[in-house]
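Chemist: sharing a model prediction with you, sequence too.
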Amino acid sequence: MGFSHESQPWHKDTVLATLDGGIYSGFAWLDMAMLLALWGLVFMCSVLSLGFVGSAAFLALTTILIVRNPGNGLLILLLIFYAPAVTVGVPNVFSVVVAMTLGLTVVLNPASLGNLLLRSSQVLFAAGAFVLYGAVQTVFSENMSLALPYYLKYIEGVVLLVILILTVKTPADLGRILMWWAIVAGLATVIKAIHIMLGDQTVLYRMMEARHIHDQFGLEDRINILHGGESGRRFVLPGEEPNYTSTGLVFPLALALAFHSASAGVRKLFWTVVACMTAIGCVGTYSRSGFLATTLVVGLYLLRGNLVKGIIPVGVFAGALAMAVMFIPALNKRIFGIGDAVNEGATGRFTLWKQALEMWFDSPIFGNGMSAFYDRYHVAVHNSYLQVLVETGVVGFVLFLAVIVVAIFAGRKLRKGAVIAGESNDRHLSRVALSGVFGFCFMIATVTYQDVKLFWLALGVYAAISLVGQGSKSVGYAPGP
């Protein structure tokens with residue numbers, strides 16, 4: 001029993017013929033409607049307390065979606081990343097959905113496990129090698145209680161790659177992920193805007209207030225900013241970390257821009273709105289790194305032959321940004337103060353990076369152990385690459401970089417001239433998605449992105465794009481030379 005819609009007898013819904021950008025879409029209208037209903041349920045639970053009803057409804061919709069198509073499990077996990085699913089009342093909601101996806105995938109298609117063993121995936125292999133080495137670093141860590149939670153984040157990243165391989169077998173399956181990723185990231189802006197209007201009268205606010213009550217920085221300090229004597233409200237949900245939030249938006253921003261270039265008519269307008277909402281959500285965090293990453297992604301998008309077709313989305317966003325900078329003094333000073341911040345030490349990052357390099361010399365080859373820097377200095381490095389270097393040494397650092405290099409190398413076929421649906425080479429999805437990968441890589445150099453799930457998933461998805469149009473292959477196969 002396969003997962004493609006053609007093999008599912010109950011799939012009688014209207015299906016989009018093609019996904020913008022030339023990737024065939026297997027999105028049934030019913031699946032899309034149920035995903036949006038699930039998104040709406042999560043939003044309602046973040047505002048109002050629905051109790052057991054909310055939890056039961058979430059689990060019911062999740063089960064139905066995964067039974068209809070196990071690939072929907074990955075889409076639900078993306079929803080969890082961009083919507084406040086913590087409020088639905090399901091303990092460890094991410095782990096629950098992962099278990100349901102893996103369990104139902106095996107039940108509905110037992111052969112999938114054999115396929116996982118038989119099919120090679122270079123990105124999964126590289127990530128798995130780092131995780132195996134990280135296990136040794138964790139075992140010999142001086143503070144196991146601190147190191148283990150750090151290490152488990154890498155395990156979760158590998159699990160997402162496994163789900164990607166198990167559930168995505170055709171270009172249609174891949175298209176569903178790319179399209180939904182861009183959409184749900186844009187919808188996050190809607191949730192944030194409404195929560196800002198509602199203020200502290202929401203379930204999410206009260207939950208996060210209780211969680212951060214003993215922190216050095218209270219909840220209000222996290223969602224508001226004071227810069228240059230001017231105050232502003234960050235465009236984040238209560239409890240969100242601004243830099244982390246903007247980091248997770250750069251890749252779907254690139255996807256939305258790619259779909260815009262390949263679409264026409266109403267679809268082009270739709271993707272313009274999605275791209276602008278995602279960009280606004282990224283810049284609205286007041287994260288300087290987020291602003292620079294957004295500029296990088298948009299700039300690379302335009303340079304890759306989209307100068308004319310990119311006028312509308314980029315122009316709309318640029319106009320909105322100009323208005324925001326004009327009427328929001330705090331944002332104005334935040335953006336135009338980037339140079340001063342760098343000169344002053346990048347808000348303390350240069351000092352932390354120096355400490356990380358000094359600590360790395362204590363054990364340069366094999367590292368100081370997982371979470372060692374935080375255990376010593378009680379603060380994060382604010383640079384994922386340096387954190388990996390100081391914790392796992394040169395060996396772990398090379399393995400970590402290998403995940404990135406392998407993914408980019410896997411996408412080389414499309415970058416070297418593959419054409420999507422007859423479009424010119426300068427507008428194909430792989431090149432624009434690569435801009436998002438570069439933006440992601442830049443962002444994690446400014447934060448300690450220990451929770452690598454989204455990053456590794458983006459790398460796995462990008463590598464899978466190289467197989468679009470190769471009907472005889474699935475994303476589990478690494479591209480040939």
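Modeler: Yep, that arrived.
Chemist: from here on, just use CA atoms for contacts and neighbour counts.
Modeler: Noted.
Chemist: where in the chain is pLDDT low?
Modeler: By pLDDT under 70, the low-scoring segments of the chain are 1-27, 114-120, 214-219, 226-232, 305-348, 412-428, 466-481.
Chemist: how about a cut-off of 50?
Modeler: Where the chain drops to pLDDT under 50, the residues are 1-25, 327, 338-346, 417-427, 468-481.
Chemist: for it, what spans make up the strands?
Modeler: Along the chain, counting by DSSP state E, strands occupy 224-227, 230-233.
Chemist: for Phe130, give me its contacts.
Modeler: 396, 399-400 (C-alpha atoms under 8 Å, 6 or more residues apart in numbering).
Chemist: scratch that, Met34
Modeler: Shown in contact with Met34 (C-alpha under 8 Å, 6+ apart): 61, 65.
Chemist: I'd like the distance between it and Ile64.
Modeler: 9 Å (C-alpha to C-alpha, to the nearest Å).
Chemist: dump the contacts of Phe130 into a markdown table; add neighbour count and distance to Arg288 as well.
Modeler: Formatted as a markdown table, the contacts of Phe130 follow (neighbours: other C-alpha atoms under 10 Å; distance: C-alpha to C-alpha, whole Å):
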| residue | neighbour count | distance to Arg288 |
| --- | --- | --- |
| Gly396 | 24 | 29 |
| Leu399 | 21 | 29 |
| Phe400 | 21 | 25 |
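Chemist: JSON lines please, covering those residues and showing distance to Asp173.
Modeler: Formatted as JSON lines, the contacts of Phe130 follow (distance: C-alpha to C-alpha, whole Å):
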{"residue": "Gly396", "distance to Asp173": "33"}
{"residue": "Leu399", "distance to Asp173": "29"}
{"residue": "Phe400", "distance to Asp173": "27"}
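Chemist: among those, which one sits closest to Leu253?
Modeler: Nearest to Leu253, judged by C-alpha to C-alpha, of the contacts of Phe130 is Phe400 at 24.3 Å.
Chemist: contacts only, for the closest one.
Modeler: Shown in contact with Phe400 (C-alpha under 8 Å, 6+ apart): 126-127, 130, 388.
Chemist: out of the contacts of Phe130, who's nearest Ile76?
Modeler: Nearest to Ile76, judged by C-alpha to C-alpha, of the contacts of Phe130 is Phe400 at 26.9 Å.
Chemist: returning to what we had before: so which of the contacts of Phe130 comes closest to Val283?
Modeler: The closest of the contacts of Phe130 to Val283 turns out to be Phe400 (C-alpha to C-alpha; 28.1 Å).
Chemist: and the closest one, how far is that from Phe125?
Modeler: Phe400 is 11 Å from Phe125, by C-alpha to C-alpha.
Chemist: ditto for Ala210
Modeler: Remark: distance between Ala210 and Phe125 (C-alpha to C-alpha) = 40 Å.
Chemist: swap in Pro242?
Modeler: Noted for Pro242: a distance of 31 Å to Phe125, by C-alpha to C-alpha.
Chemist: and the two? which has more neighbours close in?
Modeler: Per other C-alpha atoms under 10 Å, whichever of Pro242 and Phe125 has more neighbours is Pro242, with 23 against 16.
Chemist: which residues in the stretch 1-150 of the chain form helices?
Modeler: Secondary structure of the stretch 1-150 of the chain, counting by DSSP state H, counting those that start in this stretch: helices at 29-47, 51-68, 72-82, 93-108, 111-118, 122-139, 144-167.
Chemist: with distance to Thr247 added, can I get those in CSV?
Modeler: Formatted as CSV, those follow (distance: least, C-alpha to C-alpha, whole Å):
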stretch, distance to Thr247
helix 29-47, 21
helix 51-68, 27
helix 72-82, 12
helix 93-108, 19
helix 111-118, 30
helix 122-139, 20
helix 144-167, 16
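Chemist: of those helices, which is nearest Val203?
Modeler: It is, among the helices of the stretch 1-150 of the chain and with distance given as C-alpha to C-alpha, helix 29-47, at 5.1 Å.
Chemist: how far is the closest one from where the chain is centred?
Modeler: For helix 29-47, the separation from the chain centroid amounts to 19 Å (computed by C-alpha atoms, centre = their mean, to the nearest Å).
Chemist: alpha carbons of it, as CSV, please.
Modeler: Output of helix 29-47 as CSV, limited to C-alpha atoms (Å, rounded to 0.1, in the frame of the first residue of the first chain):
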residue,chain,number,x,y,z
TRP,A,29,-9.2,20.2,-0.7
LEU,A,30,-10.4,18.1,2.2
ASP,A,31,-6.8,17.8,3.5
MET,A,32,-6.3,21.5,3.2
ALA,A,33,-9.6,22.3,4.9
MET,A,34,-8.8,20.0,7.8
LEU,A,35,-5.3,21.4,8.2
LEU,A,36,-6.7,24.9,8.3
ALA,A,37,-9.3,23.7,10.8
LEU,A,38,-6.5,22.3,12.9
TRP,A,39,-4.7,25.6,12.7
GLY,A,40,-7.9,27.4,13.7
LEU,A,41,-8.3,25.1,16.7
VAL,A,42,-4.8,25.8,17.9
PHE,A,43,-5.4,29.5,17.6
MET,A,44,-8.7,29.3,19.5
CYS,A,45,-7.0,27.3,22.3
SER,A,46,-4.3,29.9,22.6
VAL,A,47,-7.0,32.5,23.3
